[in-house]
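J.: Structure for this input, please:
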Amino acid sequence: MGALLSLTFLFPEIGGRLAEPSKRLRRVLPFLVATWAISAFGNLLATLANLFESSILSMLEFTTIRSYVTQTALGRLQLIQVLAAVLLLLILGSVRKVGGAFFAYCIATIGVVAPLFQSHTSQASGHGLAIGSLIIHVIALSSWVGAVASLLFMDEATRKLVITRVGVIGTWSVVAVVLSGGTSSILRLGFSSDWLTTYGALILLKVGILSFIALTAIKIRKSIADSSLIRFEVSLLLLVTAIGSLLSRFTPIIESEYEYDRVKEITGVGMPPEPTWQRLFFEYEADALMLGALVFATALYIRGVVILARRGDKWPVGRTISFAIGISLLDYSTSGGLGLYAIFSFQYHMIAHMILSMIAPIFIVLSAPITLALRSLPIGRRKEERGIRGWLIESLHSRFTGIWTNPIVALAIFDGSLFALYFTPLFGDLMSSHFGHLLMNFHFIAAGLLFFHVIVGIDPNPRKVHHLVRVVILLGAISIHAFFSIALQASNSLIDGGYYASLERPWATDLLADQKTGAAIGWAMGEIPIIIALVATFIQWMRSDAREAKRADKNSERDLAEYNEYLSKLAERRKDS
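T.: You can find the predicted model right below:
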């Protein structure tokens, strides 16, 4: 995963194609991925053998493996890892461009983090915080190891070229590793005497090694030509990774009075008391992965604004405020009181859905994050390089982006996914796991951002959509959304596949009434943002016509001046003759 990140952001490229210095690493990558695929499948078999208390060889039976990967949550996640490794192995040979390397990196990331949703940490208190911290920790450490190890596949000139970006990746990774690792350790051991055990000693050893690496990294970067120092740093990072792997496999059992909580086993959090306004606004159950993504996005946005300010360019304060409101709404709907009760009640789930897909995206789209990125991202390090900004520009004008930004496609994803999610078993399946619930939330956010970017976005759009078409699309969205809400209200059967019934919550016990209330809330909350977007579209349309009229007036004035000048010259010629 870290090696693919290095191919994407570190190695030099020429017009988007990976240059000659990356060949050494690309030759080694298939062997690394093949090793990963074999180990992932071996881990699946080992887990299965451990469950049946049998040998690994006896588990090499198709029926047994199929049952495991289709009927258990851990089995499905391990299958995702194996399939990701195999797919990566198949496409690596055709990776020639930076975009292809980034796509491969995304596949590798999914494969690496998938099984972590069912790790030992998932049983710790603060489920969402524990799982998210572990995932952030693994991604950050992998990025750090990959960035430093990639230096071994470069010549001295290439190392000097990439060293600044290596430092950036290393800095971000150190911060993420320290914060996520500290959070995970405290959640596992708390402030008990378990820190004095072998497990606690391993954590302290890991902290010590990481501190030593962070302190010596600056000196190693100055001696970039010395490969032995780089190998030493990579060896220490691999040792840290090995310690982390050992810690994840042998999480200690904290001795305390344990009472089985079936609700916590299903959702990851205990049953909250009956919702009140105070609890809805002030409860907070952090989902570290979503929180980490929001913090990362906020940090990038602030960094962009600071870069413009240092350059002497002003960024509208209103856009920054709009971005802050959007991010705050996303956090409240996933980790706040609303996000907590959305796990246990359909009506609160629907409120969170509407905020995630219809309200927060409008604020984020109006904050113009793409425009900010285009104005603040660095250009290529050399003339032949496009750089990160050039890569973003090409992505915006790619055929793939053109398809996604088609208003019909955006509408189909935005409203069509409502029927695919709520009128199929998919909703109950996704709600029953942390991975599925997180995937659903990301889909809501992405669908909303795409739709409102096409309709009311102020960022560059590869497809010029006429305002009349936008109005028609919005009217269509209102109609489809109303039809969905009415159909859901009219339904007399539960759509959750028994998920809410399994929780046996002591409040709002009429599940069908809760579902109908959620449908009514979805109808009311869904119409208002679309109507606001409709008004905004009409305003943008009038402003666009005003600009066109003003431009036309300027052109006509220029044409009239030229014509008058022509007539005066013609009159002078006649006078002379």
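J.: Only C-alpha atoms from now on, for both contacts and neighbour counts.
T.: OK.
J.: tell me the contacts of Ile388?
T.: Ile388 sits next to Phe9, Leu377, Pro378, Ile379, Gly380 when contact means C-alpha atoms under 8 Å, 6 or more residues apart in numbering.
J.: Now do the helices in the stretch 201-350 of the chain.
T.: 227-249, 262-267, 277-282, 288-311, 317-334, 337-342, 346-354 (DSSP state H, counting those that start in this stretch).
J.: what mean pLDDT does the very next helix or strand once past the last one have?
T.: Put plainly, it is helix 346-354. Following helix 346-354 in sequence order, the next helix or strand is helix 360-366 (DSSP states H and E). Averaging pLDDT along helix 360-366 yields 92.
J.: Just the residues contacting helix 360-366, thanks.
T.: Contacts for helix 360-366 (C-alpha under 8 Å, 6+ apart): 319, 322-323, 325-327, 329-330, 445, 448-449, 452-453, 456-459.
J.: what does stretch 209-216 give?
T.: Outside stretch 209-216, the residues that reach it (C-alpha under 8 Å, 6+ apart) are Val174, Glu233, Leu236, Leu237, Val240.
J.: Could I get the contacting residues of the fourth one?
T.: When contacts are counted by C-alpha under 8 Å, 6+ apart, Leu237 is found next to Val145, Leu210, Ile213.
J.: domains of the chain?
T.: For the chain, automatic domain parsing gives the domain ranges 1-118, 121-250, 282-559.
J.: These: lowest mean pLDDT?
T.: Across the domains of the chain, the lowest-scoring stretch is domain 121-250, with a mean of 78.
J.: so how far is it off the chain centroid?
T.: On the basis of C-alpha atoms, centre = their mean, to the nearest Å, domain 121-250 sits 21 Å off its chain's mean C-alpha point.
J.: Repeat that for stretch 283-295.
T.: For stretch 283-295 - counting by C-alpha atoms, centre = their mean - the centre lies 12 Å from the chain centre.
J.: from the contacts of stretch 209-216, which is closest to His481?
T.: Lowest distance from His481 to those (C-alpha to C-alpha) belongs to Val174, with 45.0 Å.
J.: Now the host helix or strand of that closest one: buried residues?
T.: Using DSSP H and E, Val174 sits in helix 156-189. Neighbour-count burial for helix 156-189 flags 158-159, 162-163, 166-167, 169-170, 173-174, 176-178, 180-185, 187-189 (criterion: 16 or more other C-alpha atoms under 10 Å).
J.: What helices and strands are in contact with that helix?
T.: Helix 156-189 sits against helix 127-149, helix 198-222, with contacts defined as 3 or more C-alpha pairs under 8 Å, 6 or more residues apart in numbering; DSSP states H and E.
J.: can you tell me which of those helices comes nearest to Ala524?
T.: Short answer: helix 127-149, nearest of the helices and strands packed on helix 156-189 by C-alpha to C-alpha, at 30.2 Å.
J.: can you give me the angle the closest one makes with helix 288-311?
T.: Computed by axes from the mean of the first three to the mean of the last three C-alpha atoms, to 10 degrees, the angle separating helix 127-149 from helix 288-311 equals 50 degrees.
J.: Adjust the sequence numbering to begin at 14 for everything that follows.
T.: Yep, numbering from 14; the last one is helix 140-162 now.
J.: For helix 140-162, name the packing helices and strands.
T.: helix 15-22, helix 111-126, helix 169-202, helix 240-262, helix 301-324.
J.: got the ones you listed as JSON lines, with distance to Leu434 columns?
T.: Compiled in JSON lines, those are given as follows (distance: least, C-alpha to C-alpha, whole Å):
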{"stretch": "helix 15-22", "distance to Leu434": "33"}
{"stretch": "helix 111-126", "distance to Leu434": "22"}
{"stretch": "helix 169-202", "distance to Leu434": "32"}
{"stretch": "helix 240-262", "distance to Leu434": "34"}
{"stretch": "helix 301-324", "distance to Leu434": "21"}
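J.: So for Trp290, which of those helices sits nearest?
T.: helix 301-324 (22.9 Å).
J.: So which of the domains of the chain is nearest Glu585?
T.: domain 295-572 (20.0 Å).
J.: Please, which helix or strand holds Gly393?
T.: Applying DSSP H and E, one finds Gly393 in no helix or strand.
J.: can you check Ile544 too?
T.: Here Ile544 is assigned to helix 524-589, by DSSP H and E.
J.: you'd agree Gly194 is up against Ile148?
T.: No - judged on C-alpha atoms under 8 Å, Gly194 makes no contact with Ile148 at a distance of 10.1 Å.
J.: Now list whatever residues contact both of those two.
T.: With C-alpha under 8 Å, 6+ apart, Gly194 and Ile148 have no common neighbours.
J.: what's next to stretch 335-344, contact-wise?
T.: Under the criterion C-alpha under 8 Å, 6+ apart, residues 303-304, 307, 311, 368-369, 372-377, 379-380 lie in contact with stretch 335-344.
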